[in-house]
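Chemist: Quick one: sequence and predicted model below, then my questions.
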Amino acid sequence: MTILGAGVGIAIYVAIVAITNNLEHETEQIINDYNLDITVQSKGAPSPLHSRIKAAEIANLQGFLGFRVDPMVVGGVREEWNSYGMLMGISVSMASRFGLIEGSPPTSGSRDVMVGTILAQKLGLKPGDSLSLGGGSAKVVGIFSMGNRLVDGSVVADLAEAQRLLGREGYINIAMVRISKKEEVKSVVKEINKRFPTLKALTNADFVGNIRLFRTIGTFTKSVAIISFIGSCLVVTNTLLMAVFERTREVGILMAVGWRPWLVIRMLLAESLTLCLCGALAGNSMALLILKLLNNSEAVGFGWIPVTISQTTFLASLGVTLILALISMIWPAVILYRLSPVEALRHE
Amino acid sequence: MNFLMVDRLSKLYPKDNIEALKGVTFSVSEGEVVAVMGPSGCGKSTLLNMIGALDRPTSGDILVNGRPVKEYGPAHLFRARMIGFVFQFHHMVSGMTLAENVAAPLVAQGIGKHERMKRAMELLENVGLEHRAHFLPSRVSGGERQRAAVARALVATPKIILADEPTGNLDSSAGDAVFQLMLTHSRDKGATVIIATHNAEIAGLCDRTITMRDGCITN
C-alpha cells in the first residue's frame, strides 16, 4: 500500500511534468523546425493562441523590415473527430517547410487541407478523403510529418481559409521573421519592440520562456508536485513509524547485542529507499498508463499528450524519490536515536 | 582477582519512585558461573541490565577487570565486545534467519559478512542447529529459538554472559540443554556467566548463588 501511495504521488508528478515539458519542448521545436529567427505576437498576449495582430500592423511591419514576413493563424476547432483539434493557417510559401510525405499542400485561396500523420492514422485519412471542418467538409490533399506530436495531430489550411474557419478574418496570431544576417537578430527585435508598441518581438531562444501561459502552467505544476510530494512523504513516514513501533523490541535486541543507533537507522533507511524506489518505478509505470489513457481520451483531444517519459523526467523522479526517502526518515530516525535499549526491550 | 566488581549499585526510577537496586555490592571471578535468585520484582533483571550497560545506575560503580564500565567507551561498544545476552523470551529478530540473528553481534563489531556467517554457522553447529540456519525464527520451536539465542550470545566470544531467566520459558530438557551450552562455553572459554533464575536446580549447578530481595542482596 505504501509503494502504491508513494507511486500515485510520483505518477501525478511525472505525468504533469511530462505533459508541460513536452508542450514547451514541442512549441520550441516548431519554431526551430520552421527555421525562424524572430516571432512577433501582440503585446500582452499570454500565448500565441491569444495573440491578435491586425493585417495593417503586418503591413507596417513588412514596410519597416523591407521584406515579407510569414503570418500564421492558429486556433482550436471543436469537431466530432477531436474536441480540441488544432487548425493552423499558413501562407503558401510556408507550406514547403512542412515535411510532406504524401499528396500536395493546399493551394492559395482553396478550401483544401493537409493533415499530420497522427491525425491521418487516427482517422484513416489519405489524400482525396474529406474531413468535416467548421460545419462543412474539407478535402484532404496532403499528409505531412514534422516529428512533433503537437503539429502532427493538427490540420493545416491556407491562411485565408483558416482565418475564416476560426472567425479571425483580418487577424493573425503570429508573424514569423527570417533574417539573413543572424548577428542582427537582437537589434532587429529591439527595433521592432521600440517602433511597434502593440507588438512583442522575441528571438527563438526567448519565445517559449516568454509564453505567460507556460509560466502559469509551470507554477501550477510545481504546486501539484509539492502537494503530491508532501502526501507521499506522509504515507512513507507513517509506514516507517509503524515499522519502528511494531519492531521496537527487535530494535532493543539489536541494541542489546551492540548495534549503535546509526546501524539500526541505516537498516530503516535501506527500507525507506527500497519503498521509495519501488514507488518511483510504480509511479513512472502509472504515469505512462495515465498519459496513454489521456492521449486516447476524446475529452482531452489527441496528438499533444506525450506517450513517453523523457530520461530527464525519469531521472528527476528518482531524485525526488531519494529526497522523499530521506525526509520520510527524519521523524522515525529521531525516535530510534532517542530510544533506550531497556525501554525498547520492554515494549509489548 | 575479581573480574567483575559491582560496588554499591543503586537504581531509582524517579517517575514511579521505585528503588530497584539499593546499594548492591558483590564480585565475581573470571570464569565463575553465578546464579542470581529471588522473587519477581526483586531487581534481578535491573541488575543484569546495569552490568550489561543497557541502563545506567543512579549511583555506584561496575568494574570489569578493575576498570569502570564507562572507561570502555560508548555503551554499545562495551556490549558488543564484552557482553553476551540471553533473554527469557529468546528475543529473535523476526525478519532475519537464525544465522543472521546469530551473526548480529558481529555486525556491531564491523566484521565482514563472509566471516560473520562462517562464525554464525560454527556456533549453530555447536548448538545443533546447522540444519535450521536459514530458517526464520517463526519456523522453529521455542527450544530451538532459545538455543539460537545462546549461540548469538556466544558468537562474539564475550567475557561476560548475562542470562535473564534463559530457561523460564522452556520445558526441563530444553532448559537443561540451554544451560549446559552456557556452562560448556564458560568452562571452555573462561567466560563469566551470571544467570537470573527462579529454577533452584539450575542454581544448584552454578558455582555460587546470590539471593536478592527488594533490591538488596540477602546472602
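Modeler: Cool, got the structure. Residues are numbered from 1 along each chain as shown, chains lettered A, B, ... in the order given.

Chemist: and A:V14, how far is that from A:L65?
Modeler: Counting by CB to CB, to the nearest Å, the gap from A:V14 to A:L65 is 44 Å. C-beta: built from backbone N, CA, C; applies to glycine.

Chemist: Name the nearest residue to the residue in chain A that chain B sits nearest to, ignoring sequence neighbours.
Modeler: When scored by CB to the nearest CB, chain A has A:G258 as its residue closest to chain B, at 2.7 Å. Counting by CB to CB, 6 or more residues apart in numbering or on different chains, A:G258 lies nearest to B:A80, which is 2.7 Å off, once chain neighbours are set aside.

Chemist: what's the following helix or strand after the helix or strand hosting B:T211?
Modeler: Assigned by DSSP states H and E, B:T211 falls within strand B:208-213. Downstream of strand B:208-213, the first helix or strand assigned by DSSP H and E is strand B:216-217.

Chemist: quick one: strands adjacent to that following strand?
Modeler: Strand pairing for strand B:216-217, using DSSP bridges, gives strand B:208-213 (antiparallel).

Chemist: now the strand it pairs with, how far from the centre of its chain.
Modeler: 17 Å (CA atoms, centre = their mean, to the nearest Å).

Chemist: outside of that strand, which residues touch it?
Modeler: In this structure, residues lying in contact with strand B:208-213 by CB atoms under 8 Å, 6 or more residues apart in numbering or on different chains are B:24, B:26, B:32-39, B:42-44, B:47, B:203, B:217-219.

Chemist: Recalculate using a threshold of 10 Å.
Modeler: Here strand B:208-213 makes contact (CB atoms under 10 Å, 6 or more residues apart in numbering or on different chains) with B:6, B:21, B:24, B:26, B:28-29, B:32-39, B:41-44, B:46-47, B:194-197, B:200, B:202-203, B:217-219.

Chemist: was I right about A:G75 contacting A:L166?
Modeler: Yes - under the criterion of CB atoms under 10 Å, A:G75 makes contact with A:L166 at 4.1 Å.

Chemist: what residues are shared contacts of the two?
Modeler: A:L87, A:M88, A:G89, A:N173.

Chemist: Report the two of those residues separated the most.
Modeler: A:L87 and A:N173 (11.1 Å; CB to CB).

Chemist: neighbour-wise, which of the two wins?
Modeler: A:N173 (26 against 22; other CB atoms under 10 Å in any protein chain shown).

Chemist: contacting residues for the residue of chain A closest to chain B?
Modeler: B:53, B:74-85, B:104-109, B:156, B:158 are the contacts of A:G258 under CB under 10 Å, 6+ apart.

Chemist: among these, which ones are buried?
Modeler: B:53, B:75-76, B:78-85, B:104-108, B:156, B:158 (16 or more other CB atoms under 10 Å in any protein chain shown).

Chemist: Pull the distance from the helix or strand bottoming out on mean pLDDT in chain A to the chain's centre.
Modeler: The helix or strand of chain A with the lowest confidence, counting by mean pLDDT, DSSP states H and E, is helix A:204-207 at a mean of 74. Here the centre of helix A:204-207 is set off from its chain's centre by 17 Å, with CA atoms, centre = their mean.

Chemist: Next secondary structure element downstream of that helix?
Modeler: That would be, after helix A:204-207 and using DSSP H and E, helix A:212-246.

Chemist: Pull the CA coordinates from the helix or strand that comes right after that next one and hand them back as CSV.
Modeler: Going down the chain from helix A:212-246, the next helix or strand is helix A:248-256, by DSSP H and E. Included here for helix A:248-256 are C-alpha records, laid out as CSV according to Å, rounded to 0.1, in the frame of the first residue of the first chain:
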residue,chain,number,x,y,z
THR,A,248,10.6,-1.6,18.9
ARG,A,249,11.5,-4.8,20.8
GLU,A,250,13.6,-6.1,17.9
VAL,A,251,15.4,-2.7,17.8
GLY,A,252,16.1,-3.2,21.5
ILE,A,253,17.5,-6.7,20.8
LEU,A,254,19.9,-5.3,18.2
MET,A,255,20.9,-2.5,20.6
ALA,A,256,21.5,-5.1,23.3
